[in-house]
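# fold the following for me, if possible:
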Amino acid sequence: MDLEITLIIELCQKSCAVLRPHADAYQQYMKQLPIPSKRCETHIPYITWRELGNFMKQLYGQPLHYLTNLMLQQWDDSRIGSENEHKPMSSIIEPSVAESTIWVVEEFHRRSTSAQHVATLWINDPKYSAFIDPIPHTGGSSDAKSAENTYSCII
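Below you'll find the predicted structure:
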């Protein structure tokens, strides 16, 4: 095998070894967060998917998963060049449907994503931290019921 390829493989393995514990802790934390069972009856104004995601984070006091944030950015990017690129998303998709869609995807990412996959994505994305939301302090409790109370709808 070529020396350059061997060095690249070794570097990737070392990077994964460094990022894996962080990805494990991140995924474990995200897995503990309950998806809000009650939706707020507040009109959610948004132009883009990212704006809707940011509004939801403020409204419910919860971070969104790295993969959900990445997906929202990709959905916004996919509109570039379309006939409705400059139309507010809330005039294209009913806000409650858009919010529900994000929560369904978020639940999948929290419950089903492996830490190994997250670490591998982080290695290949030098700007990965831009898509990781700050983790709010929950008073040290890892109890899901306590987290649900902490992250109830904020109006």
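# per-residue confidence at the spatially most central residue of the chain?
Nearest residue to the geometric centre of the chain (Cα atoms, centre = their mean): His65, 2.4 Å. With respect to pLDDT, His65 has a value of 97.
# am I right that it is in contact with Glu106?
Yes - counting by Cβ atoms under 8 Å, His65 touches Glu106, with 5.9 Å between them. C-betas here are computed from N, CA, C, even on glycine.
# pLDDT weak spots in this structure?
For the chain, residues meeting the criterion pLDDT under 70 lie at 1, 3-16, 40, 136-155.
# excluding chain neighbours, what is closest to the residue nearest to the centre of the chain?
Excluding the flanking residues, the one nearest His65 by Cβ to Cβ, 6 or more residues apart in numbering is His109, at 3.9 Å.
# element containing Asp24, please.
Element membership for Asp24 (DSSP states H and E) is helix 3-32.
# helices or strands up against the following helix or strand past that helix?
Sequence order places helix 49-60 as the next helix or strand after helix 3-32, per DSSP H and E. Judged by 3 or more Cβ pairs under 8 Å, 6 or more residues apart in numbering; DSSP states H and E, the packing partners of helix 49-60 are helix 66-78, helix 95-112.
# helix 49-60 vs helix 66-78, what angle?
Helix 49-60 and helix 66-78 meet at an angle of 140 degrees, taking axes from the mean of the first three to the mean of the last three Cα atoms, to 10 degrees as the criterion.
# list the buried residues of helix 49-60.
Buried positions in helix 49-60, judged by neighbour count with 16 or more other Cβ atoms under 10 Å: 49-57, 59-60.
# count of neighbours near Met89?
Met89 is flanked by 19 other residues according to other Cβ atoms under 10 Å.
# quick check: the gap between it and Tyr26.
Here the distance between Met89 and Tyr26 works out to 28 Å (Cβ to Cβ, to the nearest Å).
# could you check how far Pro36 is from Met56?
9 Å.
# residues that sit against both of these two, list them.
Each of Gln62 lies in contact with both Pro36 and Met56 under the rule Cβ atoms under 8 Å, 6 or more residues apart in numbering.
# quick one, what contacts Glu51?
Per Cβ under 8 Å, 6+ apart, neighbours of Glu51: Met89.
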